[in-house]
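# Any chance you can model this:
(2 chains)
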Amino acid sequence: MRLELHWSRVDEVVAGPATRLAGHSLSVDLEDLRARLAADARLGEVRLDLAHPGESCRIGRVFDVMAPRAKMDGGEDYPGVLGALVRAGGGRTRALAGVSVVVTDQQLENVATSTLALIDMTGPVADLSPFGRTHNLVISARPAPGAGRSEYLAAVRMAGLKAGVVLAQAAADVAPDEIEVFALPSPARVPAALQHLPRVAYVFQIHSHQRPTGLDEGILYGDPVRRMLPTVIHPNEVLDGAVLRGFMGRAVTTHAIQNHPVIRSLYAAHGKTLWFAGVVITVAQATEPERVRSAAMAAGLVADVLGADGALLTKIGGGAPHVDMAQAAAQCEALGVKTTLIVEDMSTDGTQEGMLLFNFPGMDALVNVGSAQQKMALPAVERVIGADDLAGALRLTIETTYGGICGAIEQVGASRVTALIR
Amino acid sequence: MNPLRVVCYLNQFFGQVGGEDKAGVAPRVMPGAVGAARAIQQALGDAGTVVATVVCGDNYAAEQADRALAEIVALVAAERPDLVVAGPAFLAGRYGVACGALCAAVEGQLGVPAVSAMHAENPGVDLYRRRTYILETGSDAQRMLDEARRLVALGLKLARREPLGSPAAEGYFARGLTHNAVVADNAAARATAMLLDKLAGRAVTSEVPLPDFPTIAAPRLLPALGRATIALVTDGGFVPRGNPDGIEALAATRYGAYDIEGQRELDPALFDNVHRGYDTTFVKQDPHRLLPVDVVRDLERDGTIGKLHETVYSTTGVATTLAHSARMGREIAEKLRAAGVDAVILTST
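The predicted structure follows:
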């Protein structure tokens, strides 16, 4: 399967009379885009703002961040959610570098503000989060009267995806700066000269059932994965919009999944130091029998279907998914598959003993993405976007946590924060 | 930058009060750098001034530890230090313990950075390494000035709130505290490299050490099951409606004891669930999915077990610290034992 990402670099984003990319300057017709997004009956008033790197600006109530992408040649965007149901992962897709779509959550009465993240366009956050260094189109949409929680979140996510498609389509008349090719054959077809390479699979936990999953919480090709068992998909499907982040969204963004760092890392080494054997997707289950079944099946796919020598595992969500991932890894190790896991520092008191929630023998190769609980002070800013109700407080010097900074900790491995033991 | 105010702590020997015959002397404060503190002053150079040296006899500090500590902390506090340097104590056990205790107290009570130094086998290391920074030294004072320099270098970083290097790089005993830092490669790249090392049989340094939990064997049930009293305990967030004990939804520090006497079954209308770590829809509909009172009552009635204990214990097991988990477990176990309970069914989630 072969996917081409046609990248255009954007150095400047301005409001303008039409949405088009000229050179590296992206002009956006905000009123036209706003009207298109507001056509969704689940949404009330829609507001769009632009935030630029280096601005003294804080974006509050951040729900998710998307990368602007648009299929070329009549392909379907985000099949099963935005576009018609076809398979994702092949063909050509336009992509913009230097721009992100930030979706905020304006369902004020339903939301504990502590569950939402923020992005600063300057200061220490800009070092920690890639979204402090991109030009951001910020969508703040009020719910229509009577819209339920899941309905509203599905609508704002849809708005973010649509906006990303519109932005990427603006590059239609411009030759791409770079074409990135993701081509991986069926796992069985390894050229003889490369058969000595270790075969590595990625076990991608795409969702956690710690919360009730909404009916319209489309995660895999629009399916809310309520009864999903481990299955094998092509890594290009992940990169090309088949997998979206669920609504819980703790320390993971859709943006990170669209640019999946583990898949990219395995692709980069593919054919050189390893053979990328494929991707197994799983969900973190709610009960013990489901967890045991899922771990056994995931390990079976890794060891006996993909024939992997090694597996890299990540999790999504909180503590139960952490254990879920470790159980799958333990099953892999039992089948002779060497594993590396990306974990969070789960300690709530900053001690080494609390970092892990599991204790399986052989789990001796762990990478950590830091502690979401650790506090961090942020300087005052001049402007607050996306959180009018909190603007007074958010404009000041605030104390937040690493987990409260969108993009600082990405459980799929995109971030560079790590917890060191001192 | 103003020179830092530094207070040194020494025992009677390094403070040049006397040998073992003076081990009983009470804490005293002397202006400036006295005895071994002169090496600290030399290492400090212009960066700081040893404004006072506090000296206490080894036996005085060891034999009435609480009182001695309080007196020493008061003497130290009166000097308004920016940094406290205790030792180096090398292999001197009483001295090392006093240094560790003082540094932990100075950090904890005064909020002032403190640093100590001693040999790995000094008992002060095991007792206090988790609560304060202890630099590793040789066994005796042969290389005093060199070790004073390393001690001062570490102390200055602490006093200036500069980030510390790793325990190996800085030479201190790891406290086991985690701190976020930004590194060059993202986690995915590091994990890929680590996996390739593991596959090739090369040495791998995990970024998270595996915990070293003690194995606790399940005790044997002493009376026959038919005569045993069985209790139900859960960390699944079960609470009476209104959560009267205010059990936290996560990172719990509290547990509740709830009387179920006379209840053949749990009435869902009377109970709730506050756990924030799993989907509680189903246990709210029917609390027996978490606490099987209904089934255990059946077993009680048909004589399979002797009796169901009429108090259930509950907390939330999500992001709970090990320290609080261990304490709550110990307290619940003590109460169950005092009540004559023979066995427990623990339901987790």
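# Local confidence estimate at residue B:338?
On pLDDT, residue B:338 comes in at 97.
# So which bits of stretch A:64-74 are buried?
Residues of stretch A:64-74 classed as buried: A:64-71 (neighbour count, 16 or more other Cβ atoms under 10 Å in any protein chain shown). For every residue, glycine as well, the C-beta is placed using N, CA and C.
# Over to stretch B:96-116?
Buried, per 16+ other Cβ under 10 Å, within stretch B:96-116: B:96-107, B:112-116.
# Just the terminal-to-terminal distance for that stretch.
End-to-end distance for stretch B:96-116, by Cα to Cα, to the nearest Å: 8 Å.
# In TSV, list the buried residues of stretch A:64-74 along with distance to chain B.
Formatted as TSV, the buried residues of stretch A:64-74 follow (distance: Cβ to the nearest Cβ, whole Å):
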residue	distance to chain B
A:64	20
A:65	16
A:66	19
A:67	16
A:68	21
A:69	20
A:70	25
A:71	25
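# Report the rounded mean pLDDT for stretch A:124-133.
Rounded mean pLDDT across stretch A:124-133 is 94.
# How far off centre is it?
16 Å (Cα atoms, centre = their mean, to the nearest Å).
# residue contacts, residue 97?
Using chain A. The neighbours of residue A:97, taking Cβ atoms under 8 Å, 6 or more residues apart in numbering or on different chains as the test, are A:7-10, A:177.
# The chain in question should be chain B.
Residue B:97 makes contact with B:61-62, B:65, B:122-124, B:127-128 under the criterion Cβ under 8 Å, 6+ apart.
# Residue A:408 touches residue A:127, doesn't it?
No - taking contacts as Cβ atoms under 8 Å, residue A:408 lies outside contact range of residue A:127: 9.3 Å.
# Please identify which of those two sits among more neighbours.
residue A:408 (30 against 13; other Cβ atoms under 10 Å in any protein chain shown).
# Quick check: phi and psi on that one?
Taking degrees, to the nearest 10, you get phi -70, psi -40 for the backbone angles of residue A:408.
# confidence score at it?
pLDDT, read off for residue A:408, is 97.
# Quickly note the distance from it to residue A:62.
For residue A:408, the distance to residue A:62 equals 12 Å [Cβ to Cβ, to the nearest Å].
# in the stretch 101-250 of chain B, which spans are helices?
Along the stretch 101-250 of chain B, the segments classed as helices by DSSP state H, counting those that start in this stretch run B:123-128, B:144-159, B:167-170, B:187-199.
# most tightly surrounded among the ones you listed?
Counting by mean count of other Cβ atoms under 10 Å in any protein chain shown, helix B:187-199 has the highest mean neighbour count of the helices of the stretch 101-250 of chain B, with a mean of 23.
# Quick one: mean pLDDT over it.
For helix B:187-199, the mean confidence score works out to 98.
# now for it, which elements pack on it?
Packed against helix B:187-199 by the contact rule (3 or more Cβ pairs under 8 Å, 6 or more residues apart in numbering or on different chains; DSSP states H and E) you find strand A:199-208, helix A:261-269, strand A:310-314, strand A:338-345, strand A:366-371.
# chain center to that helix: distance?
Distance, stretch centre to chain centre, for helix B:187-199: 32 Å (Cα atoms, centre = their mean).
# same check, this time on stretch B:296-303
So, by Cα atoms, centre = their mean, the centroid of stretch B:296-303 is 43 Å from its chain's centroid.
# Contacts made by that stretch with the rest, please.
B:226, B:230, B:232, B:264-265, B:305-308, B:345.
# Go through those residues and say which is closest to chain A.
residue B:345 (15.0 Å; Cβ to the nearest Cβ).
# and the closest one, what does it touch?
B:230-233, B:292, B:296.
# tell me which element it falls in.
strand B:343-347 (DSSP states H and E).
# Could you report the neighbour count for residue 160?
Picked chain A for this. As a burial measure, residue A:160 scores 26 neighbours (other Cβ under 10 Å).
# that answer is for a different chain, and I need it for chain B
Close neighbours of residue B:160, defined as other Cβ under 10 Å, add up to 13.
# Please, where are all the strands along the stretch 51-200 of chain B?
Ranges of strands in the stretch 51-200 of chain B, per DSSP state E, counting those that start in this stretch, are B:83-86, B:114-118, B:133-136, B:178-182.
# The ones you listed: lowest mean pLDDT?
Looking at the strands of the stretch 51-200 of chain B, the bottom one is strand B:178-182 with a mean of 94.
# neighbours of residue B:249, just the number please.
Neighbour count for residue B:249, taken as other Cβ under 10 Å: 15.
# check contacts around the nearest residue to it once chain neighbours are set aside.
Sequence neighbours aside, residue B:276 is the residue nearest to residue B:249 in space, at 4.0 Å (criterion: Cβ to Cβ, 6 or more residues apart in numbering or on different chains). Shown in contact with residue B:276 (Cβ under 8 Å, 6+ apart): B:237, B:249-250, B:316, B:318.
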